[in-house]
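1. Output the structure for:
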Amino acid sequence: MADEKKSAAPVARAADHRLIVRPIVTEKTTTARETIGKYMFEVAEGSTKAGIRRAVERMFAVSVHRVNVVRRHGKVRRVRNRPGLTKSTKRAIVTLSPGQKIAFFEGI
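-> Just a heads-up that it's a prediction; the model follows:
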């Protein structure tokens, strides 16, 4: 029994969960996910494409084909007659290899 192999599934680490802040689920991202296999996540400001790739592969046990990163700068909005600023975010568009899906998004 000591010779049994451990499962080949990668293990997500706490650093991966800090890197991927949250998934972005909108009509546009849902269409992209269903048609061309692109998923969008909000990621930490200091993240890199290689780090995002490793985190997604470990968290969801999938093979990532490409990672694109977009910075959304905060906009000036009025809050009680004073200018305010919405939050700036960094987003990652992750394209999976053909035939791959993230089960977390199924049924949303």
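2. From here on, just use CA atoms for contacts and neighbour counts.
-> Noted.
3. buried residues in the helix or strand of the chain with the lowest mean pLDDT?
-> Here the helix or strand of the chain ranked lowest by mean pLDDT, DSSP states H and E is helix 14-19, holding a mean of 88. Buried residues in helix 14-19, counted by 16 or more other CA atoms under 10 Å: 16, 19.
4. In the chain, where is pLDDT below threshold?
-> 1-10, 108 (pLDDT under 70).
5. show me where it has helices.
-> Assigned by DSSP state H, the helices in the chain fall at 14-19, 27-36, 49-60.
6. which one of those lies closest to Val79?
-> The closest of these to Val79 is helix 27-36. By CA to CA, the value is 27.9 Å.
7. Quickly note the distance from the residue nearest in space to the middle of the chain to Lys49.
-> The structure's the chain has its C-alpha centroid closest to Phe41; by CA atoms, centre = their mean the separation is 3.0 Å. Relative to Lys49, Phe41 is positioned 12 Å away (CA to CA, to the nearest Å).
8. which stretches of this structure form strands?
-> Taking DSSP state E, the strands of the chain run over residues 20-23, 38-43, 64-72, 76-79, 82-85, 89-96.
9. Make JSON lines out of those strands and add distance to Glu106.
-> As requested, the strands of the chain are exported to JSON lines (distance: least, CA to CA, whole Å):
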{"stretch": "strand 20-23", "distance to Glu106": "13"}
{"stretch": "strand 38-43", "distance to Glu106": "12"}
{"stretch": "strand 64-72", "distance to Glu106": "18"}
{"stretch": "strand 76-79", "distance to Glu106": "35"}
{"stretch": "strand 82-85", "distance to Glu106": "34"}
{"stretch": "strand 89-96", "distance to Glu106": "15"}
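10. Tell me which of these lies nearest to Thr29.
-> With respect to Thr29, and counting by CA to CA, the nearest of those is strand 38-43 at 6.7 Å.
11. partners of that closest one, with directions?
-> strand 20-23 (antiparallel), strand 89-96 (antiparallel) (DSSP bridges).
12. Please enumerate residues in contact with the first one?
-> Which is strand 20-23. With contacts defined as CA atoms under 8 Å, 6 or more residues apart in numbering, strand 20-23 is touched by 40-44, 52, 55-56.
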